[in-house]
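Enquirer: model the structure of this input:
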Amino acid sequence: MAFVITEPCIGTTDQACVSVCPVDCIHFEEGKDTMLFINPAECIDCGACQPACPVTAIFPESDVPEASRKFIEINSLWFENADAARAQVSGGAAPAPAAAPAAAASEAPAAADASAESAPATEAPAAAPVAAAAAPVAPPPAIMQVSAATGVRAPDVSTYRAPSAVPLFLLALIGLSFYAMFVFPGPTVATIDWASGIFKAIRIDNGGQVGLTVMALLPVVPLLVLLFIASQISVFARFAASHDRAADPWRRRYNEWRRNEESRGYNLNEIVQAIAHDRFNFPDEKNPDLQTYVNLPTPTMGVEVRGSGDKFFPDIVTVAQPGFYPVALAQVESRETVTREQATYVWSQLENKDCPVYIYVPAGLLGSAKDYAKSAGLKNVKLRTWRWSPNGMVVKED
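Expert: Got it, this is the predicted structure:
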């Protein structure tokens with residue numbers, strides 16, 4: 001649903017809205033037009049132009065005042081027949097074109113009055129083709145957002161892949177502690193006779209004497225080692241997840257037969273629509289500022305990774321208006337697409353720090369999906385399971 005410029009813009013033509021439009025969909029011809037026009041086929045409904053307008057002339061199509069509804073067609077008509085659109089604008093806010101001959105007739109002799117009076121009659125039929133040209137123009141489709149083919153700019157999300165410096169810092173402390181104990185043992189504070197054999201084994205012949213530095217750092221080193229191991233638990237889990245589970249064969253046995261893409265696509269579309277209706281049914285009474293878009297079977301709203309220019313089309317996108325800021329992304333998988341490659345090349349592309357990513361997988365494959373997400377290093381991903389039942393779709397919040 002595009003935005004529409006209405007009659008307050010007539011005679012103003014302020015271009016503040018043009019400067020903030022991210023897709024350059026606001027146009028006019030200087031010297032010919034008395035107002036600006038929004039192309040409904042290019043508008044992504046981002047809402048950036050509305051607050052920028054100094055005369056409050058821009059409205060979402062659904063909120064255009066009743067007295068200004070004709071400007072919905074006028075905005076669209078300008079991009080097909082600019083002259084016809086200008087004629088409608090002039091007819092609604094300026095004197096009719098026949099006014100000029102009438103003004104000339106007032107200064108002419110009385111004999112010219114008759115011809116001046118007949119001028120509107122002769123020009124009246126000319127307005128009929130204009131109306132006829134405007135009549136076939138249909139309003140734009142309800143959804144004219146991001147298309148996968150046009151490359152229109154989409155809402156931004158940001159990604160993150162910064163590794164933690166904690167393990168390196170702990171390793172450095174452990175190394176420095178051992179270095180200090182061996183090189184700078186400090187003054188002797190105790191003698192351990194039974195440990196003299198151990199010291200000789202590691203080539204330290206000091207008669208079992210223990211220095212102050214050794215006594216101070218000896219309890220610290222095990223603590224640092226434990227902290228290092230704790231910081232690497234996620235790494236160990238990721239390493240374990242990179243290997244298939246022993247239970248996989250019986251869980252995935254049916255994958256020996258793979259459905260054709262038409263059948264899989266049809267079923268996946270049904271599942272996506274059901275989950276979108278059940279879990280992302282926005283706007284609603286509690287969240288009137290949220291809007292959900294479903295990218296199956298046709299892409300309608302994409303997300304762009306900030307700074308990369310790459311656009312992705314998750315199955316479900318929920319954004320906050322105005323501004324179209326993503327608040328939730330959802331990807332729905334069938335049993336054929338719950339794979340390590342899907343996690344690496346699809347889920348990881350959608351993961352970001354600004355909004356959660358929900359991954360819906362078939363019931364029974366949650367364990368494998370968790371392994372794949374861990375092996376891909378995903379942090380801000382929430383896994384859910386779905387299954388069909390006689391009563392409809394059942395989604396389990398893990």
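Enquirer: make it CA atoms for all contacts and neighbour counts henceforth
Expert: Noted.
Enquirer: list the contacts of the helix or strand containing Ile275.
Expert: Following DSSP states H and E, one finds Ile275 within helix 261-279. Around helix 261-279, the neighbours that count as contacts under CA atoms under 8 Å, 6 or more residues apart in numbering are 292, 294, 296-297, 315-316, 332-334, 393, 395.
Enquirer: in strands, which of those residues fall?
Expert: Judged by DSSP state E, these include 292, 294, 316, 332, 393, 395 as members of strands.
Enquirer: let me see the mean pLDDT of stretch 76-93.
Expert: What stretch 76-93 shows for mean pLDDT is 84.
Enquirer: how about stretch 354-370?
Expert: Rounded mean pLDDT across stretch 354-370 is 89.
Enquirer: re earlier: for the ones in strands among the contacts of helix 261-279, which one is nearest Phe3?
Expert: Nearest to Phe3 out of those is Thr292 (CA to CA; 18.0 Å).
Enquirer: Val20 and Gln50 touch, don't they?
Expert: No. With contacts counted by CA atoms under 8 Å, Val20 stays clear of Gln50, the gap being 9.7 Å.
Enquirer: higher neighbour count, the two?
Expert: Gln50 (22 against 15; other CA atoms under 10 Å).
Enquirer: need the contact list for the more buried one.
Expert: So Gln50 contacts 17, 56-59 (CA under 8 Å, 6+ apart).
Enquirer: how about Leu383?
Expert: The contact partners of Leu383, taken as CA under 8 Å, 6+ apart, are 358-361, 366, 369-370, 397-398.
Enquirer: so of these, which ones are in helices?
Expert: 366, 369-370 (DSSP state H).
Enquirer: which residues of this structure score low on pLDDT?
Expert: Within the chain, the segments meeting pLDDT under 70 span 1, 92-163, 192-196, 198-200, 202-209, 238-259, 305-309, 398.
Enquirer: specify the beta-bridge partners of the residue nearest the centre of it.
Expert: With distances taken as CA atoms, centre = their mean, Val303 lies nearest the centre of the chain, 3.3 Å away. Val303 forms beta bridges with Phe312, as assigned by DSSP bridges.
Enquirer: pretty sure it contacts Ile316?
Expert: No. Under the criterion of CA under 8 Å, Val303 makes no contact with Ile316, lying 10.7 Å away.
Enquirer: re the thing from before, so which of the ones in helices among the contacts of Leu383 is the closest to Met181?
Expert: Minimum distance to Met181 across these is 43.5 Å, recorded for Lys370 (CA to CA).
Enquirer: if we ignore the residues flanking it in sequence, what's nearest Ala16?
Expert: In space, and not counting its chain neighbours, Ala16 is closest to Ala52: 5.9 Å by CA to CA, 6 or more residues apart in numbering.
Enquirer: surely that neighbour is in contact with Cys17?
Expert: Yes. Ala52 is within contact range of Cys17, at 5.4 Å (criterion: CA under 8 Å).
Enquirer: quick one: Pro185 is in a strand?
Expert: No. Per DSSP: H, G, I helix; E, B strand; the rest coil, Pro185 lies outside any strand segment and is coil.
Enquirer: got the phi and psi for it?
Expert: phi -70, psi -20 (degrees, to the nearest 10).
Enquirer: same check, this time on Pro40
Expert: phi -70, psi -20.
Enquirer: what about it, neighbour count?
Expert: 27.
Enquirer: Ala373: helix or strand, and which one exactly?
Expert: helix 366-375.
Enquirer: flag every buried residue along that helix.
Expert: Of all the residues in helix 366-375, those buried under the rule 16 or more other CA atoms under 10 Å are 366, 368-375.
Enquirer: what's the end-to-end length of stretch 28-39?
Expert: In stretch 28-39, first residue to last residue: 11 Å (CA to CA, to the nearest Å).
Enquirer: I figured Leu293 hits Ile316, correct?
Expert: Small correction: residue 293 is Tyr, not Leu. Yes. With contact taken as CA under 8 Å, Tyr293 and Ile316 are classed as touching, separated by 5.9 Å.
Enquirer: ok, the two, which is more surrounded?
Expert: A direct count of neighbours by other CA under 10 Å for Tyr293 and Ile316 places Ile316 higher, at 26 against 22.
Enquirer: so how far is Ala41 from that one?
Expert: 22 Å.
Enquirer: tell me where the stretch 1-150 of the chain has helices.
Expert: Secondary structure of the stretch 1-150 of the chain by DSSP state H, counting those that start in this stretch: the helices cover 16-20, 49-52, 70-78, 82-93, 99-107, 113-134.
Enquirer: alpha carbons of the second one, in CSV - could you do that?
Expert: C-alpha atoms of helix 49-52 as CSV (Å, rounded to 0.1, in the frame of the first residue of the first chain):
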residue,chain,number,x,y,z
CYS,A,49,8.2,11.2,3.4
GLN,A,50,5.1,11.8,5.6
PRO,A,51,6.8,13.6,8.6
ALA,A,52,9.0,15.5,6.2
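Enquirer: chain center to that helix, what's the gap?
Expert: 21 Å (CA atoms, centre = their mean, to the nearest Å).
Enquirer: pull the CA atoms of stretch 175-193 into PDB?
Expert: C-alpha atoms of stretch 175-193 as PDB (Å, rounded to 0.1, in the frame of the first residue of the first chain):
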ATOM      1  CA  GLY A 175      51.500 -18.100  30.700                       C
ATOM      2  CA  LEU A 176      52.600 -15.100  32.700                       C
ATOM      3  CA  SER A 177      51.900 -16.800  36.000                       C
ATOM      4  CA  PHE A 178      54.100 -19.800  35.100                       C
ATOM      5  CA  TYR A 179      56.800 -17.500  33.900                       C
ATOM      6  CA  ALA A 180      56.700 -15.500  37.100                       C
ATOM      7  CA  MET A 181      56.800 -18.600  39.300                       C
ATOM      8  CA  PHE A 182      59.800 -20.100  37.500                       C
ATOM      9  CA  VAL A 183      61.800 -17.000  36.800                       C
ATOM     10  CA  PHE A 184      61.000 -14.900  39.900                       C
ATOM     11  CA  PRO A 185      60.200 -17.400  42.700                       C
ATOM     12  CA  GLY A 186      60.700 -14.700  45.300                       C
ATOM     13  CA  PRO A 187      62.100 -15.100  48.900                       C
ATOM     14  CA  THR A 188      61.800 -18.600  50.400                       C
ATOM     15  CA  VAL A 189      58.700 -18.900  52.700                       C
ATOM     16  CA  ALA A 190      58.600 -22.700  53.100                       C
ATOM     17  CA  THR A 191      60.600 -25.900  52.500                       C
ATOM     18  CA  ILE A 192      58.800 -29.000  51.300                       C
ATOM     19  CA  ASP A 193      61.200 -31.900  51.700                       C
END
